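K.L.:
using only what follows, build the 3D model:
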Amino acid sequence: MQEAPPLETQEAIRATVREGYGRIARSEQPGCCGTSSCCGPSIPEQASDLAMAIGYAEDDLGSLPGGANLGLSCGNPVALASLRPGEVVADLGSGAGFDIFIAARKVGPTGRAIGVDMTPDMLARARRSIPSFREKSGLDNVEFRLGEIEHLPLADNSVDVILSNCVLNLSPNKPQVWREIHRVLRPGGRVSISDLALLRPVPPQVLEIVEALVGCIAGAVLVADTERMAREAGLSEVRMETNSRYIEAMSDWEDPLYRKIVEDLPPGAKASDFITSLLIHATKPTRGRA
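P.N.:
Numbering: from 1, shown residues only. You can find the predicted model right below:
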């Protein structure tokens, strides 16, 4: 059962995450704190390679403003959202705008793409890319809002599609995030989220690695718990798809965080035995609750 910790603990977790991702935003290198995170490699070339390995099209990557790809993705929610022209899409934990700039092209001039992030440095970096995006695309349909994903700065029933990429696991109150997703979605609205999840519990010592919190591991929950929270929030047609390619790619690059984690796993175990990239699909019912 996933329960929210005390409020003081929640705020301490948010402060840790905000500081860690603030360092990423201020750095010229991708990855956590200028080195790496569980959600990304440490150099720009590897960030692009990883993005293509997990499903991003080369054309989409080429259309991004410079600096938008910080290598923080663990899947491609945009490709699976089936975005349509004229829709309103919101990205929870939008960072430097990687997914939201791609989504904005897909919803077109009659649509709207809204990024929400709680880290001021990330918002500043994303907003600096808007002029370049306008010049490249001819579109003026992107905005970035400061806010926590547990308290979204979005009106009830105002969003057609919710995206998020390697962020929900960082929340100290995941049931509240799912309730907020249900609140802001229009009836019939869709969820397309990429995240990290656990196939089985990781050893307690792994949770003590500070970088694991900023890098998405310590906050990850079991796949079954994620599905339960989505359904309890009122969503329907909930589907979970696990994919080990992301974890295997990070292991192949000998990411420092993964090396630390593997050292504390049982002999012979791999990170991908415990951790998976998870694609989450769901819909808000047109009437009542699921």
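
K.L.:
mind listing the strands for this protein?
P.N.:
Counting by DSSP state E, the chain has strands at residues 88-92, 112-117, 142-146, 159-165, 185-198, 236-243, 275-283.

K.L.:
okay if I get those strands as a markdown table plus distance to D99 and mean neighbour count?
P.N.:
The way it works is simple: take the backbone N, C-alpha and C, and place the C-beta from them, glycine included. Formatted as a markdown table, those follow (distance: least, CB to CB, whole Å; neighbours: other CB atoms under 10 Å):
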| stretch | distance to D99 | mean neighbour count |
| --- | --- | --- |
| strand 88-92 | 5 | 26 |
| strand 112-117 | 8 | 26 |
| strand 142-146 | 11 | 18 |
| strand 159-165 | 6 | 26 |
| strand 185-198 | 9 | 22 |
| strand 236-243 | 17 | 14 |
| strand 275-283 | 14 | 23 |
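
K.L.:
so can I have TSV of the ones you listed showing distance to P131 and mean pLDDT?
P.N.:
Output for those, formatted as TSV (distance: least, CB to CB, whole Å; pLDDT from 0 to 100):
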stretch	distance to P131	mean pLDDT
strand 88-92	19	96
strand 112-117	15	97
strand 142-146	11	97
strand 159-165	23	95
strand 185-198	28	93
strand 236-243	35	92
strand 275-283	32	90
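
K.L.:
dump those strands into a markdown table; add distance to T226 as well.
P.N.:
Shown next, in a markdown table, are these (distance: least, CB to CB, whole Å):
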| stretch | distance to T226 |
| --- | --- |
| strand 88-92 | 14 |
| strand 112-117 | 20 |
| strand 142-146 | 25 |
| strand 159-165 | 12 |
| strand 185-198 | 6 |
| strand 236-243 | 7 |
| strand 275-283 | 7 |
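
K.L.:
nearest to S171, out of those?
P.N.:
Closest approach to S171 among the strands of the chain is made by strand 88-92 (9.1 Å; CB to CB).

K.L.:
partner strands of that closest one, parallel or antiparallel?
P.N.:
Applying DSSP bridges to the sheet, strand 88-92 is found paired with strand 112-117 (parallel), strand 159-165 (parallel).

K.L.:
mind checking the strands of the chain for the one nearest to Q176?
P.N.:
strand 88-92 (12.2 Å).

K.L.:
what's in contact with the closest one?
P.N.:
81, 83, 99-100, 103, 106-107, 111-116, 149, 152, 154, 158-165, 167-168, 177, 181, 184, 193 (CB atoms under 8 Å, 6 or more residues apart in numbering).

K.L.:
same check on stretch 223-233?
P.N.:
Residues outside stretch 223-233 that contact it (CB under 8 Å, 6+ apart) are 1-2, 174-175, 178-179, 181-182, 191, 195, 197-199, 238, 240, 242, 276, 278, 280, 282, 290.

K.L.:
one more: stretch 7-15?
P.N.:
By CB under 8 Å, 6+ apart, the residues outside stretch 7-15 that reach it are A4, P5, M118, E148, L170, P172, N173, L213, G219.
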